[in-house]
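[1] Structure of the sequence below:
(one chain, ligands or ions: 1)
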Amino acid sequence: MPNVEFLLADGGRRVVAAKVGESLMYAATRTLTPGIVAECGGNLSCGTCHVFVDAAWSSRLPPKSEEEEMVLEGVAEEPTEHSRLSCQIRMTAELDGIVVQVPASQR
Ligand code: FES
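    Numbering: from 1, shown residues only. Reported below is the predicted structural model:
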């Protein structure tokens with residue numbers, strides 16, 4: 001199972017074992033990882049699953065869809081080039097060890 005390392009807003013870190021095929025958001029919410037709200041349940045409409053993907057990993061992800069770009073424009077914390085909606089990141093064995101920063105605020 002690929003591991004995801006979450007860098008939490010309080011400075012802590014948490015490593016979660018994700019299942020291949022599930023979204024990074026789902027791996028976070030089913031383990032009650034703080035800061036990933038995911039109000040819309042992965043329907044690409046709320047933006048409360050925003051994460052900053054570590055630069056070393058960001059380029060290994062498939063490109064954002066137009067819809068993802070649009071939702072990212074409305075997230076609570078200013079998005080960067082490494083911003084992604086975690087509900088759109090499908091976990092694969094190749095993503096084992098991915099590191100993501102959880103924003104300080106999600107709305
Ligand atoms: S969970 Fe709502 S956009 Fe990802």
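[2] Identify the residues contacting the residue nearest the centre of the chain.
    The centroid of the chain falls nearest to residue 86 when counting by CA atoms, centre = their mean (2.8 Å). Taking CB atoms under 8 Å, 6 or more residues apart in numbering, we find residue 86 in contact with 23, 24, 25, 28, 36, 38, 49, 50, 51, 100. Using the backbone N, CA and C atoms, a C-beta is placed for each residue, glycine as well.
[3] Dihedrals phi and psi, it?
    Main-chain torsions, residue 86, degrees, to the nearest 10: phi -70, psi -20.
[4] for residue 103, same thing?
    Dihedral pair for residue 103: phi -60, psi 160, per degrees, to the nearest 10.
[5] Tell me the pLDDT of residue 77.
    Turning to residue 77, the model gives it a pLDDT of 88.
[6] For the residue nearest to residue 3 when sequence neighbours are not counted, give the beta-bridge partners.
    Leaving aside its chain neighbours, residue 3 sits nearest to residue 15 (5.3 Å; criterion: CB to CB, 6 or more residues apart in numbering). In this structure, residue 15 bridges to residue 5 when assessed by DSSP bridges.
[7] Run through who's touching the strand or helix carrying residue 69.
    Secondary structure assignment for residue 69, by DSSP states H and E: helix 66-72. Helix 66-72 is touched from outside by 44, 45, 46, 47, 50, 64, 79, 83, 84, 85, 88, with contacts defined as CB under 8 Å, 6+ apart.
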